[in-house]
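Enquirer: task: produce atomic coordinates for the following.
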Amino acid sequence: MAGRKRTEGTRAPNGTSSIYQGNDGYWHGRVTVGVKDNGKPDRRHVQAMTQAEVARKVRKLERERDAGTVRKPGKEWTIERWLLHWYEHIAVPNVRYKTQAYYRTAVEKYLVPGIGAHKLSRLEPEHIERLYARLRKQGAKSATLQQVHIALRAALNEAERRERLTRNPIRAVRAPKIEETEIEPLTVDDAKAILRVAHGRRNGVRWAVALALGLRQGEALGLKWADLAVEWHHGCSNDNPCREGSARACPQAQVTGMLTVRRALQRQSWQHGCEPGDGCGRKRGADCPKRHSGGLVVVEPKSRAGRRVVSVPPPLVLALLEHRQAQDEERVRAADLWHDGGWMFAQPTGKPTDPRADYGEWKDVLKAAGVREARLHDARHTAATFLLVLGVAQRAVMDVMGWSKIDMAQRYQHVPDELRRNIASQLGGLLWQASGEGGDDDPEGAGASA
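Expert: Take a look at the predicted model:
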């Protein structure tokens, strides 16, 4: 590094840092940190009021250069500019619609107004922590803080990967604690009450699918009749076979069914189709004359594990066949108004069922059945819990529920009172055996000494 006197008539080697005082009265430093895209040296400039301060800045740049952590050349980005670029060009093309909406809310509503003016390289952990504190003071819920943190972490990690950040401040910030809501699955009696009420309602078997198979709402509404495979089997014995050649006509016929989850139905917000320079002037994309990508949209299941084949209980197979017959009658009544999309749970005109209407029907069924208030997604927790009660192996549970990670069982499977009572009964039988089965040991004495 220059700043010392060199022998007269010599010059510093190429790439050596230099310090000098300019005509403006400031001390300046220049450090070569690499080569630009055009092949010319990337020489950075720092300045300060004193030579000592410039020397410190020069040494810092040299250390960053040697460690390979110097930020890229060019005008420094603000947090706002980076977040908007990251969302539009990196997140949107690579994540699902609901994740896009999740990120967009965090970026536009919280992050840009909260810390958007900071320079990307000058963002400190304390800036992020103070943002979280302000949001808490404004009444933001823990889930909102978690949403903001996840979006900011994804954006800053990408900036670090692209070497726009030399030090990632999010690594020093603890994720906000999320207050876990205790989810209470429906009981067996609740489920039976719902099925009794649903049996007499249009598309009522939809709720049997939710409670027995645990399909997500979008997966259930995305089912088509082509996804159901039904097989009939003779129920008579070989010693006394029936005279019917068709297994379905057998008086003791048995039925099995397999349901393939191939798609999900999702309601998405409409997007503006007008050009940026020729906007329609309407605030909502739904009002734009050239709107696109909205309404009911068929999407892939949530994960690769979501594409699965589920074995259907025989009573549910019969209920689905009964439902299909009722839908065939609706098709005849609708005549030319029928839209033949093959949807299993359709509107009276054959069009797919809107998730909003589906949720409203769920609430009506709960009320009619006298069952407590519950989210539709609680039906999925209920189905997973029933599998726990039945003692189904976790690997098989993952397959039925469409999970890719086994730790999802901890979130969805809950220990119901019925299982607790069964465990207590088994323990009682093990430790406090009936009189005469435990030898000379005194159960009460053993209990007292324990």
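Enquirer: and the pLDDT for Gly445?
Expert: In this model, Gly445 is scored at 47, pLDDT.
Enquirer: err, Gly204, not the other one
Expert: Gly204 carries a pLDDT value of 96.
Enquirer: could you report the neighbour count for it?
Expert: Gly204 has 20 neighbours, counted by other C-beta atoms under 10 Å. (Each C-beta comes from the backbone N, C-alpha and C, glycine too.)
Enquirer: quick one: neighbours of the residue nearest to it when sequence neighbours are not counted, just the number.
Expert: Ranked by C-beta to C-beta, 6 or more residues apart in numbering and with sequence neighbours excluded, the top spatial neighbour of Gly204 is Ala198, at 3.6 Å. Other residues near Ala198 come to 23 when the count uses other C-beta under 10 Å.
Enquirer: mind pulling up the pLDDT for Ala198?
Expert: Ala198 is assigned 96 on the pLDDT scale.
Enquirer: now do the same contact list for it.
Expert: 204-208, 365, 369 (C-beta atoms under 8 Å, 6 or more residues apart in numbering).
Enquirer: what about 10 Å?
Expert: Taking C-beta atoms under 10 Å, 6 or more residues apart in numbering, we find Ala198 in contact with 204-208, 210-211, 319, 361-362, 365, 368-369.
Enquirer: could you look up the SS state of the most centrally placed residue in the chain?
Expert: By C-alpha atoms, centre = their mean, the mean C-alpha position of the chain lies nearest to Thr99, the distance being 6.7 Å. Secondary structure, DSSP: H, G, I helix; E, B strand; the rest coil: Thr99 is helix.
Enquirer: can you tell me how far it is from Asn23?
Expert: Plainly put, Thr99 is 55 Å away from Asn23 if you go by C-beta to C-beta, to the nearest Å.
Enquirer: separation between the nearest residue to Ala143 once chain neighbours are set aside and Cys280?
Expert: Excluding the flanking residues, the one nearest Ala143 by C-beta to C-beta, 6+ apart is Ile178, at 6.1 Å. Using C-beta to C-beta, Ile178 is found at 39 Å from Cys280.
Enquirer: so, low pLDDT: which residues of this protein?
Expert: Along the chain, segments meeting pLDDT under 70 span 1-15, 37, 69-75, 180-181, 244, 276-279, 281, 283, 285-286, 433-450.
Enquirer: okay, strands next: where are they in it?
Expert: 18-21, 27-35, 41-48, 228-233, 254-261, 264-268, 295-299, 308-312 (DSSP state E).
Enquirer: export these to a markdown table and tack on mean neighbour count and distance to Leu337?
Expert: As requested, the strands of the chain are exported to a markdown table (neighbours: other C-beta atoms under 10 Å; distance: least, C-beta to C-beta, whole Å):
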| stretch | mean neighbour count | distance to Leu337 |
| --- | --- | --- |
| strand 18-21 | 14 | 82 |
| strand 27-35 | 19 | 69 |
| strand 41-48 | 15 | 68 |
| strand 228-233 | 14 | 25 |
| strand 254-261 | 17 | 28 |
| strand 264-268 | 18 | 21 |
| strand 295-299 | 14 | 18 |
| strand 308-312 | 18 | 31 |
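Enquirer: out of those strands, nearest to Gly222?
Expert: Nearest to Gly222 among the strands of the chain is strand 264-268 (4.2 Å), distances taken as C-beta to C-beta.
Enquirer: which residues does the closest residue to the residue nearest to the centre of the chain other than its chain neighbours contact?
Expert: Using C-beta to C-beta, 6+ apart and skipping residues adjacent in sequence, the residue nearest Thr99 is Ala91, 7.7 Å away. Contacts for Ala91 (C-beta under 10 Å, 6+ apart) come out as 83, 85, 99-100, 102-104, 107, 151, 154-155, 158.
Enquirer: which one of these is nearest Pro169?
Expert: For those, the nearest to Pro169 is Ala155 (11.8 Å; C-beta to C-beta).
Enquirer: next one: Gln51 from Lys57, what distance?
Expert: In terms of C-beta to C-beta, Gln51 sits 11 Å off from Lys57.
Enquirer: what touches both of these two?
Expert: Contact criterion C-beta under 10 Å, 6+ apart; residues shared by Gln51 and Lys57: 19, 27-29.
Enquirer: Ala305 contacts Met401, correct?
Expert: Yes: Ala305 is within contact range of Met401, at 8.6 Å (criterion: C-beta atoms under 10 Å).
Enquirer: one step back: now render the contacts of Ala91 as TSV, adding distance to Gly68.
Expert: Below are the contacts of Ala91 laid out as TSV (distance: C-beta to C-beta, whole Å):
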residue	distance to Gly68
Leu83	25
His85	23
Thr99	32
Gln100	33
Tyr102	34
Tyr103	30
Arg104	34
Val107	30
Ala151	28
Ala154	23
Ala155	22
Glu158	18
